[in-house]
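# From the sequence below, what's the structure:
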Amino acid sequence: MIRMTALLGLMIPVAFAPAAHAQRGSDGTLRLIYHQAVSILNPYLSGGTKDIDAASLMLEPLAGFDENGHLVPRLAEAVPTVENGGVAADRRSVTWRLRPDLRWSDGSPVTAEDVVFTHSYCTHPEGACAQLAKFAGVTAVEAVDPLTVRVSFDAPKANPWIAFTGASAPILQKAQFAACLGAAAASCSEQNFAPIGTGPFVVQEFRVNDVATFAANPHYRDPARPAFAEVVLKGGGDAEGAARAVLETGEFDYAWNTLIPPPLQAELTTIGKGNFVTGFGGLVERIVLNLTDPSPDLPEGTRSTPRHPHPILSDLRVRRALSLAIDRGVLADLGYGSAGRPVCNLIPAPAEYASADTSCLTQDLAAAKALLDQAGWQDQDGDGVREKDGRPLALTFQTTVNPIRQDVQALVKSWWSEIGVSVTLRQIDAGVFFGSDPASPDTHQKFYADVQMYASEWDGTDPEPYLAQLTCDRIPGPENQWQAENIGRFCDPAFDAALARLQQSIAPDERAALIRALDTMVTTGQMALLPLVHRGRLSARANSLGGVVAGPWDAELSRAAEWYRIK
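From the prediction side, this is the model:
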């Protein structure tokens, strides 16, 4: 597989040779700041990157991904292959062997039954698992013996390693979560806020949307790691404040997702207390169009559900006009500099999967206006806003609180206003927007707006499970506690059929062609979402923090066991 990565001037991947430590915890406290506050520590109940990152300090999968996107064993002894006998010759099953003598942080042994249980937990028919796409096509997960697990599929799998890999699909302890199956999952506060894990740290204290404190796991499998005795993860604030807390004041060692303007990046780096680390993976800033009606006039539970199609955005001509009005090159230059590239596709990397379509990169306001004319939207009273059947062409556009996103919002509003669209802008605290509270009206899953903007990515280099999030059965709603991943409510039987072919395809060229076709269907084909900028991950690291490797294919904290203090 090919990984797109960047050595971008001041923004460089950083890694140092491991330091020798006399004992675990000899480096004191690691101070992290996430301006999107953590709301839960169970990645199966949240699609938010900040929650998955924090959980990766404790919860681990069978295998993770290195900085090149290659699978590396975590709880497994080795990555199964056809050559070592772990992957069946017909590719209808994969057998994993756990490391011997693994212990949960409470000292109890890790067994194959924990893996079997984790599958049951996420796939329970009454549950609301945010990572269900990881288990698409899995027909059985069986404990062959206490340390061996076999995963079987309904058809030959080109990628039989999807389940239980990456920080979004870790192993849960059966003993702790046994009473949390199905509808009970969300109510298991103790388990969701303090999961027992196998990772380098254990929860000491967790204050939702505020601060989490972790201690070194006394049962971690490497006796010399983690180097830090404690981790304090502070949430809240904004990206600029987080970057300054590392690079200017030195209050923190690491700041995640420091999305700030390029001139400010350069200014903070010259202070000399740290720098930025980045890497290009699959992270794409996009505008998602709600294909269902979010009107507050509808009864709760039916807003933003397929029962009520969107009265404006259900028309492809309107969606296409909105895309044509955007100048993606200007947006990339404005907010990202060398850490962003204008893009038309949802899957920008690896290269073999990236579509060559650049049709969206040319702004065409005249063509956008013509499409709205064809769709019957006219400015009948001369106020600059188009109407149709007595309804104004008015949209509410929401995103998180962030200066770059607010600049992007303002520009997009100006372009859309120029073609006759009235736009109301709304900003939501990122910790709430990417939170998992099914009662909150402000999560991106609830999508109680017409348009919203955010970025997301996936574990590893194979985007199959990422695309599987866009099938008709993955639309968020009351029946899944608003935890499904098809945020725009896109539903196309042709897409679902092509996705099914991808899940059964083994030939590399055929898979690549299907991935590109699926990408095109949801973007430049149906305009269900509008990719804007292919972003590099951008986080701030203090000069005193060693062991950090900028890898875009897994959670940023998934290798925190390797971090240490430079003496």
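# show me what contacts the nearest residue to E230 once chain neighbours are set aside?
The shortest distance from E230 to any non-neighbouring residue, by Cβ to Cβ, 6 or more residues apart in numbering, is to T29 (4.6 Å). Any C-beta I mention is one placed from the backbone N, CA and C, and that applies to glycine too. Applying Cβ atoms under 8 Å, 6 or more residues apart in numbering to T29 gives the contacts 228-232.
# same thing but at 10 Å, please
If you count contacts by Cβ atoms under 10 Å, 6 or more residues apart in numbering, T29 has them with 213, 228-232, 253, 565.
# what about A175, how many residues close to it?
By other Cβ atoms under 10 Å, 14 other residues sit near A175.
# what's in contact with the host helix or strand of it?
Using DSSP states H and E, A175 sits within helix 174-177. The contact list for helix 174-177 (Cβ under 10 Å, 6+ apart) reads 42, 44, 104, 106, 108, 110-111, 113-118, 120-121, 184-185, 188, 190-192, 194-197.
# Buried ones only from those residues, please, as a ChimeraX command.
Burial among these is assessed by 16 or more other Cβ atoms under 10 Å; the matching ChimeraX selection reads:
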select :42,44,104,110,111,114,115,116,117,118,120,121,185,188,191,192,194,195,196,197
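# Out of the contacts of helix 174-177, which sit inside helices?
113-118, 120-121, 190-192 (DSSP state H).
# what sits opposite L233 in the beta ladder?
On the basis of DSSP bridges, L233 takes part in beta bridges with L32, A212.
# wait, what's in contact with it?
By Cβ under 10 Å, 6+ apart, the neighbours of L233 are 30-34, 37-38, 50, 53-54, 57, 201, 206, 210-214, 252, 254, 256, 557.
# need the longest strand for the protein.
Identified as the longest strand of the chain according to DSSP state E is strand 274-289.
# Using PDB, write down the CA coordinates of that one.
Taking C-alpha atoms only, strand 274-289 is exported to PDB below (Å, rounded to 0.1, in the frame of the first residue of the first chain):
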ATOM      1  CA  GLY A 274       8.400  23.000  19.800                       C
ATOM      2  CA  ASN A 275       7.100  22.400  16.400                       C
ATOM      3  CA  PHE A 276       4.200  20.900  14.400                       C
ATOM      4  CA  VAL A 277       4.000  17.300  13.300                       C
ATOM      5  CA  THR A 278       1.900  16.300  10.400                       C
ATOM      6  CA  GLY A 279       1.200  13.600   7.800                       C
ATOM      7  CA  PHE A 280      -1.300  13.200   5.000                       C
ATOM      8  CA  GLY A 281      -3.700  10.300   5.200                       C
ATOM      9  CA  GLY A 282      -7.400  10.200   4.500                       C
ATOM     10  CA  LEU A 283      -8.500  13.400   6.300                       C
ATOM     11  CA  VAL A 284     -10.900  15.400   4.300                       C
ATOM     12  CA  GLU A 285     -12.700  18.600   5.300                       C
ATOM     13  CA  ARG A 286     -16.100  18.400   3.700                       C
ATOM     14  CA  ILE A 287     -19.600  20.000   3.600                       C
ATOM     15  CA  VAL A 288     -22.300  17.400   4.200                       C
ATOM     16  CA  LEU A 289     -25.800  18.200   2.800                       C
END
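# tell me how far that strand is from the chain's mean position?
Relative to the centre of its chain, strand 274-289 is centred 10 Å away, using Cα atoms, centre = their mean, to the nearest Å.
# My read is that T362 contacts G329, right?
Yes - using Cβ atoms under 10 Å, T362 is in contact with G329, at 9.2 Å.
# out of the two, which sits in the more crowded spot?
G329 (14 against 11).
# For the more buried one, which three-state class applies?
helix (DSSP: H, G, I helix; E, B strand; the rest coil).
# follow-up on the earlier one: for PyMOL, write the selection for the buried entries among the contacts of L233.
Selecting only the buried entries of the contacts of L233 in PyMOL, with 16+ other Cβ under 10 Å as the criterion:
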select buried, resi 30+31+32+33+34+37+38+50+53+54+57+201+206+212+213+214+252+254+256+557
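# Inside helices: which ones of the contacts of L233?
50, 53-54.
# Name the member of those with the shortest distance to F276.
Closest approach between the ones in helices among the contacts of L233 and F276, by Cβ to Cβ: D53, at 17.1 Å.
# counting residues per helix, which one in the protein is longest?
Longest helix in the chain, counting residues (DSSP H): helix 403-418.
# avg pLDDT for that helix?
In this model, helix 403-418 carries a mean pLDDT of 96.
# Stretch 196-214 too?
Mean predicted lDDT for stretch 196-214 stands at 97.
# End to end on that stretch, go ahead and measure it.
Terminal residues of stretch 196-214 are spaced 12 Å apart (Cα to Cα, to the nearest Å).
# Show residues contacting the least confident helix or strand in the chain by mean pLDDT.
Of all helical and strand segments in the chain, the minimum by mean pLDDT, DSSP states H and E falls on helix 430-433, at a mean of 89. Here helix 430-433 makes contact (Cβ under 10 Å, 6+ apart) with 34-39, 48, 50-51, 208-210, 235-239, 257, 398-402, 405, 427, 440-446, 452, 454.
# swap the cut-off to 8 Å and go again
The contact list for helix 430-433 (Cβ under 8 Å, 6+ apart) reads 35-39, 50, 209, 235-236, 398-402, 440, 442-444, 454.
# Just the residues you listed: which are in strands?
Using DSSP E, the subset of those located in strands is 235, 398-400, 454.
# got these as JSON lines, with neighbour count, distance to R97 and pLDDT columns?
Output for the ones in strands among the contacts of helix 430-433, formatted as JSON lines (neighbours: other Cβ atoms under 10 Å; distance: Cβ to Cβ, whole Å; pLDDT from 0 to 100):
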{"residue": "G235", "neighbour count": "24", "distance to R97": "37", "pLDDT": "95"}
{"residue": "Q398", "neighbour count": "22", "distance to R97": "47", "pLDDT": "98"}
{"residue": "T399", "neighbour count": "24", "distance to R97": "45", "pLDDT": "97"}
{"residue": "T400", "neighbour count": "24", "distance to R97": "42", "pLDDT": "94"}
{"residue": "Y454", "neighbour count": "21", "distance to R97": "38", "pLDDT": "96"}
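# what's the closest of those to E510?
Closest to E510 out of the ones in strands among the contacts of helix 430-433 is Y454 (31.5 Å), distances taken as Cβ to Cβ.
# Identify all residues paired with that closest one through a beta bridge.
Per DSSP bridges, the residues bridged to Y454 are R286.
# That one: what's it in contact with?
By Cβ under 8 Å, 6+ apart, the neighbours of Y454 are 285-286, 288, 399-400, 433-434, 444.
# And G301, by the same measure?
Contacts of G301 (Cβ under 8 Å, 6+ apart): P478.
# and the gap between it and L98?
Going from G301 to L98 by Cβ to Cβ, to the nearest Å gives 42 Å.
# now swap in R391 and tell me
R391 is 59 Å from L98, where distance means Cβ to Cβ.
# the more surrounded of those two?
Shown here are R391 and L98; by other Cβ under 10 Å, L98 has more neighbours (23 against 11).
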